[in-house]
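[1] Using only what follows, build the 3D model:
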Amino acid sequence: MTLAIAIPFLTRAFALTDVGNAGVFELDGNIVKDSSGTFPTDWGALFDSSGVTQPLPQGALDAHWVNDGPHAVTDLTTFTTGSKDTLDIANAGWQCTPSGNLTPKDDILHAYSFAIVPQFGPRMGHLLVYGGFERFTNNGAGDLGLWLLQDPTVACSSTKGAVSFTGAHAVGDVLFVGEFSTGGTVTTLNAFKWVGGSSPLMNITATGGADCRTAPDTANYCSRSNTVSISTPWSSQDKTSGPNTLATAEFFEVGIDLTGLFGSNAPCINRFIFDTRTSPSVTATLKDYAEGALATCPTSTISTTVSPSPITLGGSATDTATVTLSTASTVNGTVTFNVYGPFSSPPTNASCTSSSLVKPFSPDTVKIGPGPTPQSATSDPFTPSATGNYAWIATYNPTGVRNGNPVSTKCGDGGELLVVASIPKITAFGFTNTPTNDDPTLGSGTVAYSVTIHNYDTLAVTLNGTLTVSGPSVTCTPSNPLPLVGSVAAGADAMFSLSCTYSGTSGQTVSATISATFTDTNGITGAVSGSPTTYTFTIQTK
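    Just a heads-up that it's a prediction; the model follows:
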């Protein structure tokens, strides 16, 4: 990112936006937000008076505020004398120790970080990182370093004696080292990439600048210090000023275009560490430090809901996947849905294999996003051809690392189960008639109606319904309507009968209506196949 050019569009003379006029952050040597719109933003808009991160603007990935003061208390995060930038973090390369006697100009009070991918302007789509810190006093030039680290576990704190840092360097970690004068001019700012080996730091300074007021538009990083006294929106106390005030050269901020430095191979930053030091050399003795989280590549989580479930055979269901990112990032990519089954019992983690994959429905790939986290995507409708238990697996495939990492649900997850039941069916309806030659339409007499319902489900079902006979002068036993109720085991029949007597004149009709529903042990409720249905007879006389 070209981090700052001198332009007079803000309320204060010489207020600057980031190099190359990316337009998203004020690198102007102060903490308050001078612009009236959403952009460019500043530290005072990103955090409240307690340092709590506020809702981030569009395109922002992450922001963190760290308290490392006040000067009057023992600092638990200072480097031991032997720690150097050229050493690996692991294996006691970096160690921390408590200190109650830090040199005042080396004591960090607060540090903060911000990452954003602009949605507009000449750096649109680039990964931009900003950092800032305050120091206790300005009685000497400010020598500092800023590490952007990929390992999220890098940290150290000690209440007594030397303690080794956790975590380790990864190839691609970035170090910026600089110096600013007691007047607030940044005189040195160099960039290095960790490559490991016997010469672990590679100089990548060529496309950067030191002070944003003089850096070219093409610079991929530059920095500012305060050239006048400034105020802080949070509680801060330096050595000589009143409360919440920083004297000249007690504040430093930097902006970095990681995409400009590394192209599409910009590292995924998870940790930042500001330090003070004896010089801007990579072999300098390290003093105080403030470390915190900064996630430029968000992590993804995915949750799913199959709906509806359970269903009856012949019905359809869909799976909805919701992707949530760990930072205020953009969800963008695809979700692939695969269905496995049918299984005779609920699937486990080992059930989903290539042989149980349901084709040609699987794989079913749909678009998700782009949009702010979280985002949801729904599969195409799936219509099973057999009863049983089915497992869905949904996989998020991000467009790039700024959209999170690939993540999948697992076979047998609770939200990914689809139960498919068969429908109990009316398989027989019959009657016998007395005394008119087995014809219920001739004359008066008694008719015995019978109904058979077969349970094709793999589970037991409970029936609920009626057989109703209506017509002139109809009297039925045991009741009219006849309840069609009871439990029917898987593969079994339920039989019901009703005896009715009637008389009437020629041409009148008698009807028998069957209406029944079922509920299985999974809670599936539906209509019995063939129901409701009505059989109609015409009464005739000889």
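[2] any idea how far Leu61 lies from Gly125?
    Leu61 sits 13 Å away from Gly125, going by Cβ to Cβ, to the nearest Å. For the C-beta atoms, the positions are set from N, CA and C on the backbone; glycine is no exception.
[3] ok, the two, which is more surrounded?
    Leu61 (25 against 13; other Cβ atoms under 10 Å).
[4] what helix or strand does the more buried one sit in?
    Assigned by DSSP states H and E, Leu61 falls within strand 60-67.
[5] Quick one: residues contacting the closest residue to Phe252 other than its chain neighbours.
    Nearest residue to Phe252 in three dimensions, chain neighbours excluded: Ser225, at 5.0 Å (Cβ to Cβ, 6 or more residues apart in numbering). Contacts for Ser225 (Cβ atoms under 8 Å, 6 or more residues apart in numbering) come out as Gly29, Gly142, Phe180, Ser181, Gly184, Thr185, Val186, Ala249, Phe251, Phe252, Glu253.
[6] now swap in Ser408 and tell me
    Applying Cβ under 8 Å, 6+ apart to Ser408 gives the contacts Ile302, Ile393, Ala394, Thr395, Tyr396.
[7] would you turn these into a markdown table with secondary structure?
    Formatted as a markdown table, those follow (DSSP: H, G, I helix; E, B strand; the rest coil):
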| residue | secondary structure |
| --- | --- |
| Ile302 | strand |
| Ile393 | strand |
| Ala394 | strand |
| Thr395 | strand |
| Tyr396 | strand |
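[8] Now compare these and name the two farthest from each other.
    Within the contacts of Ser408, Ile393 and Tyr396 form the most distant pair, 11.3 Å apart (Cβ to Cβ).
[9] quick one: which of the two has more around it?
    Per other Cβ under 10 Å, whichever of Ile393 and Tyr396 has more neighbours is Tyr396, with 28 against 22.
[10] For the more buried one, which residues are in contact?
    Contact analysis of Tyr396 by Cβ under 8 Å, 6+ apart lists Ser300, Ile302, Ala321, Val323, Gly333, Thr334, Val335, Ile368, Gly404, Pro406, Val407, Ser408.
[11] Out of those residues, which comes closest to Thr466?
    When the contacts of Tyr396 are compared for distance to Thr466 (Cβ to Cβ), Ala321 wins out at 43.2 Å.
[12] Adjacent strands (with direction) for the strand holding Leu61?
    strand 108-116 (antiparallel) (DSSP bridges).
[13] before we move on, the earlier item: have a look at the contacts of Tyr396 and tell me the least confident one.
    The lowest pLDDT within the contacts of Tyr396 belongs to Gly404, with 91.
[14] Run a quick check on it versus Thr327, I expect a contact.
    No: Gly404 is beyond contact range of Thr327, at 9.2 Å (criterion: Cβ atoms under 8 Å).
[15] Can you work out which residues contact both of those two?
    The contact sets of Gly404 and Thr327 overlap at Pro298 (Cβ under 8 Å, 6+ apart).
[16] ok, these two, which is more surrounded?
    In this view Gly404 and Thr327 are compared by other Cβ under 10 Å, and Gly404 has more residues nearby, 28 against 20.
[17] any idea of the mean pLDDT in stretch 72-92?
    93.
[18] one step back: identify the contacts common to Leu61 and Gly125.
    Val117.
[19] can you give me the strands for the stretch 401-542 of the chain?
    Using DSSP state E, counting those that start in this stretch, the strands assigned to the stretch 401-542 of the chain run over residues 407-408, 417-421, 425-434, 445-454, 461-470, 475-477, 482-483, 486-488, 493-502, 509-520, 525-527, 533-538.
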